[in-house]
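Undergrad: Show me the folded form of this:
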Amino acid sequence: MSFESPKKKGPTPGSEEYKELKEKLNKEGFEGDEDGGAALFIGTKEEAEKARTIAETEGRAENLEIYIRMHKQVIPKEELEQIEGIKHFRELTKGKAEIQDLGNKIVFVYYKDGNGDLAHVEIDTRKIAKVNGNMTINLEALGFNPCNVGYLFSSPLQRQTAEGVWLEVRRRRAEKNREEKKKGFNL
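TA: Numbering: from 1, shown residues only. Below is the predicted model:
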């Protein structure tokens, strides 16, 4: 008996559609009830382990450092090359961070990580067992170097927030994915 792959193909690994599907499955990929259910995690060994940990702990962590490791998302520096102001970002030291306290125990952090990539984490302080006082002070204790919003990607002509760059890269990924789909479709 031989196995033939189905005619319909899924999303291309690495594409925005693939990443979105993987994220959705890793968040909602449970079957059955809590006692007899099963979970499905998609991705590399590290990605699957991270998704499993988040699911098992309901996204909760013992401290801020563990929480950031669990929830960190990254845009590789190679994808940032077309963004205006990237030259300034390349020159920054690791840990430089734009911190946006949204109130209601939610803090957005955009920063240059140890690999030189743009990293983002949405911190929900209600899910961290040990976090004290001001979030900026807690982040500084971990080696973050806070800067004004708009500093990471500033240029002489404009100041662009890291959040804006993050959204722009996601928009470009989606556009590229749409173009790839159009190429594969035959009228």
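Undergrad: Give me the distance between K96 and E46.
TA: From K96 across to E46, the span is 25 Å (CB to CB, to the nearest Å). No exception for glycine: its C-beta is placed from N, CA and C like everyone else's.
Undergrad: for I83, same thing?
TA: In this view, I83 and E46 are 27 Å apart by CB to CB.
Undergrad: The two - which one has more neighbours?
TA: Between I83 and E46, I83 has the larger neighbour count (other CB atoms under 10 Å), namely 20 against 8.
Undergrad: phi, psi of the residue nearest to that one when sequence neighbours are not counted?
TA: Ranked by CB to CB, 6 or more residues apart in numbering and with sequence neighbours excluded, the top spatial neighbour of I83 is V165, at 5.4 Å. Backbone geometry at V165, expressed as degrees, to the nearest 10, gives phi -70, psi -40.
Undergrad: Pull the contacting residues for V165.
TA: Each residue near V165 by CB atoms under 8 Å, 6 or more residues apart in numbering is listed here: 80, 83, 85, 118, 152-153.
Undergrad: show me the contacts for C147.
TA: Per CB under 8 Å, 6+ apart, neighbours of C147: 96-98.
Undergrad: Closest to K182 out of those residues?
TA: E98 (35.2 Å; CB to CB).
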